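Asks: Please work out how this folds:
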Amino acid sequence: MKKNKSSITQDKLKAELDSEMLYLKLPFMNEHYKSLADEAATNHRSHIEYLEQLIQGEADQRRDRATKRRICAAHFPVIKTHDSFRWTWPKTINRLQVQNLFRLNFINDNSNVIFLGGVGLGKTHLATALGHTACLSGYHVLFATAIDVINSLSAAKAAQRLQGELKKYIKPSLLILDELGYLPIDKAGADLLFQVISHRYERCSLIITSNRAFKEWPKIFNNDSTLTSAILDRLLHHAETVVIEGKSYRMKDRIES
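Replies: Here you go, the predicted structure:
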């Protein structure tokens with residue numbers, strides 16, 4: 001059965017419309033414009049209401065894709081959230097202080113957050129949860145251990161591309177430096193880490209987790225008290241310190257047995 005002229009015209013218009021929407025990168029509109037048009041006609045919606053629904057769907061889908069890209073680019077080891085944190089486990093933690101951090105005002109203020117406490121108390125969990133919340137709120141985040149940052153900068157310096165590698169750690173709105181103090185850092189490594197902290201000072205935010213109190217930080221940085229003072233001066237000028245005390249959650253089964 002032959003198609004009439006009107007059907008051929010409609011098919012041609014649809015093909016042209018599909019092509020143009022693909023060119024403009026409007027996948028939601030391309031997939032839903034026909035079904036939403038039928039729904040609008042059935043429910044007697046105006047052209048403006050139909051267009052608003054199409055545009056809203058496209059915008060929501062685009063925001064979702066951007067959020068997924070930010071989370072992927074952050075390189076979180078695992079996804080952690082505020083809701084999954086076991087508040088009852090640490091012996092000491094200022095819950096109201098931590099919950100207030102999830103408002104993310106510290107990022108807007110270019111301030112820092114430092115989590116101090118022993119192993120297995122949730123420092124990395126909270127740091128990651130803050131980073132994940134920041135991604136959902138539109139901020140660019142990068143997660144890395146302190147040693148991984150030093151190793152990548154050391155390799156870049158040896159290859160004479162240090163400035164380019166530094167930008168990777170300077171550019172994000174929020175940089176999470178995990179496990180500072182778990183392994184010793186030599187003079188060269190401490191100098192490289194200082195460059196990252198110095199470049200971000202009063203420009204972008206840092207979250208640092210460490211198992212050592214501030215008075216022990218010279219031991220982290222090769223017993224260089226001058227460099228340690230310079231690092232702490234920049235970190236603590238605009239910072240909130242969260243101290244967590246208690247026994248390791250990862251060891252709880254052995255502790256309770």
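Asks: Excluding sequence neighbours, find me the nearest residue to Gly131.
Replies: Excluding the flanking residues, the one nearest Gly131 by Cβ to Cβ, 6 or more residues apart in numbering is Val141, at 4.5 Å. Glycine gets a C-beta too; all of them are placed from N, C-alpha and C.
Asks: Show me the helices in this structure, by range?
Replies: For the chain, the helices defined by DSSP state H occupy 5-23, 27-42, 47-74, 95-101, 105-108, 123-136, 146-158, 162-170, 187-200, 217-220, 225-237, 252-256.
Asks: List just the one of the ones you listed that sits closest to Arg86.
Replies: Nearest to Arg86 among the helices of the chain is helix 123-136 (8.6 Å), distances taken as Cβ to Cβ.
Asks: Dump the C-alpha coordinates for the closest one into CSV.
Replies: This file holds the C-alpha atoms of helix 123-136, laid out as CSV (Å, rounded to 0.1, in the frame of the first residue of the first chain):
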residue,chain,number,x,y,z
LYS,A,123,38.5,9.9,58.0
THR,A,124,38.7,8.7,54.4
HIS,A,125,35.0,7.9,54.4
LEU,A,126,34.0,11.4,55.4
ALA,A,127,36.6,13.0,53.1
THR,A,128,35.2,11.0,50.2
ALA,A,129,31.6,11.7,51.1
LEU,A,130,32.4,15.4,51.1
GLY,A,131,34.0,15.1,47.7
HIS,A,132,31.0,13.2,46.4
THR,A,133,28.6,15.8,47.7
ALA,A,134,30.8,18.5,46.0
CYS,A,135,30.6,16.6,42.7
LEU,A,136,26.8,16.5,43.0
